[in-house]
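Peer 1: Return a 3D structure for these sequence lines:
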Amino acid sequence: MSLAGPSNLADELLWREAVWAELQTHPLWPDLPPDLLREKKLYAGQAGIYADMTRTREISPTGIAVSVLHTGQHYADDVDDDGIIYHYPTTGRRSHDQNEIDSVKTAQRLKVPVFVIVQKGTMRNVKRAWVTDSDDVSRLFLFTFSEKSQEDYIVEPDRNPLFVAQVDRPRTKAQIMRRERSSKFKFEVLKKYEKKCVLSNLSVVEMLDGAHVIPVERGGSDDVRNGLLLSASIHRAFDAKLWAINPDTLRIETRERGPSLEKMKITVDSLAGLPFLPHIDAISHRYKIFKEAS
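Peer 2: Model (predicted):
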């Protein structure tokens, strides 16, 4: 197989497998110098999404994304050990941005692995991922990391009708102990609530959080039915137990002698009529926590 350009999809898959295997033999793996990645034609300069057209144009007119560059300048729940949430490019060059988006969607459609390159100072941490979901409303991709081969990697949708409220969560050691969070959870919550805070209608994705109704610290699961999409400030007020949802009326209640809805910039006083709601068990559990704190 020539490395100058694949003649078909099978050749492209073999090329990516060969490069992935070669990268792992580097003495500095998994943190690699950027010059090496350019030499291997995994990315070019500061490109966010890199689709080497000389390599992949014959397979797809817009190419197939080879890599995405992740700067790491995102909230904690945008990236974890299992994958990342990646924002669609918005450079102002509409056709260019759309071609890059299409190249990632082609990788998703053809089940082609993509290299996720994460900046770590002067080095680059490299992971192999599959595009497991995309949402044009939120303008987000979900990438899932995997060491498996393309043939073995299958993404199954969650069809479990049973709501799992709480789970045992492993703890991750960083500067402090924290419970692991999921980028997939935030992606699913953004998608369900169509990138809009349920209590303020704010629709700036970078200012929104996927909030757990049953808190992570109490084992709250990553089931999307345990989620609410909130602005960062309203999420913080939620975690501070300054407000909660009454499970009987779905109205927003504030803590006695606490700040008003207006002061917390909450403009929606009830979730009644919302097309999608958290599970009633999650709402009831959180309301009990709220009443105990009050």
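
Peer 1: how about low-confidence regions in the stretch 151-294 of the chain?
Peer 2: For the stretch 151-294 of the chain, the stretches with pLDDT under 70 are 151-161, 163, 165-181.

Peer 1: which parts of the helix or strand hosting Q108 are buried?
Peer 2: Using DSSP states H and E, Q108 sits within helix 94-110. Neighbour counts using 16 or more other CB atoms under 10 Å place 97, 99-108 of helix 94-110 among the buried residues. For glycine as for every other residue, the C-beta is placed from the backbone atoms N, C-alpha and C.

Peer 1: Touching, I85 and L142? I think so.
Peer 2: Yes: under the criterion of CB atoms under 8 Å, I85 makes contact with L142 at 6.1 Å.

Peer 1: anything in contact with each of the two?
Peer 2: When contacts are counted by CB atoms under 8 Å, 6 or more residues apart in numbering, I85 and L142 have 183, 187 as shared neighbours.

Peer 1: could you pull out the helices for this structure?
Peer 2: Remark: helices assigned in the chain by DSSP state H are 9-23, 34-39, 53-56, 94-110, 183-192, 232-239, 280-293.

Peer 1: for the ones you listed, which one ends up most surrounded?
Peer 2: Ranked by mean neighbour count, the helices of the chain are led by helix 183-192 with a mean of 23 (mean count of other CB atoms under 10 Å).

Peer 1: which strands and helices sit next to it?
Peer 2: Helices and strands touching helix 183-192, by 3 or more CB pairs under 8 Å, 6 or more residues apart in numbering; DSSP states H and E, are strand 83-87, strand 123-135, strand 140-145, strand 208-212, strand 227-231.

Peer 1: that older thread, which stretch among the helices of the chain comes nearest E256?
Peer 2: Across the helices of the chain, E256 has its closest neighbour in helix 280-293 (10.3 Å, CB to CB).

Peer 1: chain center to that closest one, what's the gap?
Peer 2: Put simply, helix 280-293 sits 27 Å off its chain's centre (CA atoms, centre = their mean, to the nearest Å).

Peer 1: pretty sure V114 contacts L69?
Peer 2: No: in this structure V114 lies outside contact range of L69 using CB under 8 Å: 11.2 Å.

Peer 1: Looking at the two, which one has more neighbours?
Peer 2: Using other CB atoms under 10 Å as the criterion, V114 and L69 rank with V114 on top: 26 against 22.

Peer 1: State the distance from the more buried one to D136.
Peer 2: 18 Å (CB to CB, to the nearest Å).

Peer 1: Kindly report the same for E17.
Peer 2: The spacing between E17 and D136, counted by CB to CB, is 30 Å.

Peer 1: related to what we said a few turns ago, I'd like the buried residues of helix 94-110 as CSV, with pLDDT appended.
Peer 2: Shown next, in CSV, are the buried residues of helix 94-110 (pLDDT from 0 to 100):
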residue, pLDDT
D97, 91
N99, 91
E100, 93
I101, 95
D102, 96
S103, 95
V104, 96
K105, 96
T106, 95
A107, 95
Q108, 94
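
Peer 1: Just send the residues you listed back as JSON lines, with distance to A129 too.
Peer 2: Formatted as JSON lines, these follow (distance: CB to CB, whole Å):
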{"residue": "D97", "distance to A129": "21"}
{"residue": "N99", "distance to A129": "20"}
{"residue": "E100", "distance to A129": "16"}
{"residue": "I101", "distance to A129": "16"}
{"residue": "D102", "distance to A129": "18"}
{"residue": "S103", "distance to A129": "14"}
{"residue": "V104", "distance to A129": "11"}
{"residue": "K105", "distance to A129": "14"}
{"residue": "T106", "distance to A129": "15"}
{"residue": "A107", "distance to A129": "10"}
{"residue": "Q108", "distance to A129": "11"}
